[in-house]
Every structure is written in structure tokens, then in C-alpha cells.
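In: Turn this into a model:
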Amino acid sequence: MASKRFKAAIAKIDNTNDLSVSEAVKVVKSNATAKFDETIEIAMNLGVDPRHADQMVRGVCNLPNGTGRSARVAVFAKDAKADEARAAGADIVGADDLVEKIQNGEMDFDRVIATPDMMPLVGRVARVLGPKGMMPNPKVGTVTMDVTKAVSDAKGGAVEFRVEKAGVIHAGVGKASFTEDKLAENVTAFLSAIQKARPTGAKGTFVKKIALSSTMGPSVRIDTSEVSS
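Out: The predicted structure is shown next:
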């Protein structure tokens, strides 16, 4: 059952008209009244069927103002690259020992990065990392020799996205404590990243619906014309 706070928030929203990014941010931020710093979340319905390879939407967006939380990063690397990862601020660095930790259920991290030579080793825990969306992938820059940049991006606000079976993409784009301008910049950057990731197999309307909400608040619709065609 919806709380009184949630019902009051819904009552203030006019969903008869889709909003601009700045208008949506203002409404959602004003309704983020929980006792903690709520995450501002975006959800998009896309006109794709990800069961077809040429309609998969996947990538990474570097939010200009970060996500508001510090991601814990694990890196599969050895020798000099392992030292590089530690210097860049990686929280966990390893090889066979990291595989063993993951197999034992020790997964105190949010992102996984690997150098290319480590991928056969990473493959041993693919069944664990894959379902959690953590499997390193060169398409999103998490399989790379430039571990310094990869760790820096992950720590600084890089958000991975991947369309789900129903054609939906969702991600956190900041915190309610951010200013309206910073949230709007992050939302705009994310929308641009999705548009740039439009697959060759996408026909007709690509972005069908955009909604913005806070963790505990109701959602508002963003005008799809905010995404450049």
C-alpha cells in the first residue's frame, strides 16, 4: 500500500503533459523527501528487440557530475598492470585469488575491469558475473590495457547500460542532493549516450518513453523530443 507521503507526491504531479528535462528534474527533486539521499533514476522504453543482435543497445555513459556514490572496483590484472590498477584507486586487484573470492561469494565490488590477457581467467566466473551485469566487456571499456582510465571512469561516474528483454533501459543518474542543473546535465548526457548507441537494426521510433523518478518517489514523463533524432 502506498504511503501518505507517496500519495501526496503523486497528487502534485500532472502526467497529462510530458516535461522537458529541466522541468522533470525540478518535480522529481521536490518529491524526493525521504530521510536519506535518494537516487535519481531514469527508465527508457526503446523500440528494439534485444533478442536480435542488430538491435542490442549497450554502452557506457560518463556522467559529467558523477553518480553521487563511489563505486568499488575490482580489477583482474598481473604484475605492472596490477600495480597500475592499485595506483589508480582500484579497491580489489588480483588474478587466480580474485577468481577464488568470487567463487566463494565474496563480491564486495560494483564494477569489474580486466586486461585482455586475463579474460580466459575471468571466464571461469562468467556465470557469476554475467547475471549481475559485471562481466568485463571491451564494448564498454572494461576489457582494456588502459586500466588507469578504466578505473578512473568507474570511480568518476561511468554508468554502464544494457537494454533488457522488454526493451527497457534504466540507470541511476545522480542523487537528490545534486543541484537541478547538475541533475539535468547528467540526464541530458545519458539521453545523448542512448541515442548514440542506437543499433543498426532499430526501425521506426527508437525512444518510445522516458520516465524519471527518485528511489521513493513517483515518476514523471520526459518528452521524447528531448532526445535528438
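In: Identify the residues contacting the most centrally placed residue in the chain.
Out: The C-alpha lying nearest the average C-alpha coordinate of the chain belongs to residue 159 (Cα atoms, centre = their mean; 3.5 Å). By Cβ atoms under 8 Å, 6 or more residues apart in numbering, the residues touching residue 159 are 60-63, 67, 171-173, 190. C-beta coordinates here come from the backbone N, C-alpha and C atoms, glycine included.
In: That one - that's part of a strand, no?
Out: Yes: per DSSP: H, G, I helix; E, B strand; the rest coil, residue 159 lies within a strand segment.
In: For it, list each beta-bridge partner.
Out: Beta-bridge partners recorded for residue 159 (DSSP bridges): residue 61.
In: So residue 93 belongs to a helix, correct?
Out: No: using three-state DSSP, the assignment for residue 93 is strand, not a helix.
In: didn't it look like it was pressed against residue 80?
Out: No: at 11.8 Å, residue 93 does not count as touching residue 80 under the criterion of Cβ atoms under 8 Å.
In: Contact partners for residue 172?
Out: Residue 172 is in contact with 39-41, 67-69, 159, counting by Cβ under 8 Å, 6+ apart.
In: Can you list the low-confidence ranges for the chain?
Out: Residue ranges of the chain with pLDDT under 70: 1-16, 228-229.
In: tell me the strands in it, going along the chain?
Out: Assigned by DSSP state E, the strands in the chain fall at 39-46, 58-62, 73-76, 92-94, 111-114, 158-162, 168-175, 207-214, 220-222.
In: Can you add distance to residue 194 and give these back as TSV?
Out: Output for those, formatted as TSV (distance: least, Cβ to Cβ, whole Å):
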stretch	distance to residue 194
strand 39-46	6
strand 58-62	8
strand 73-76	24
strand 92-94	30
strand 111-114	20
strand 158-162	7
strand 168-175	7
strand 207-214	7
strand 220-222	12
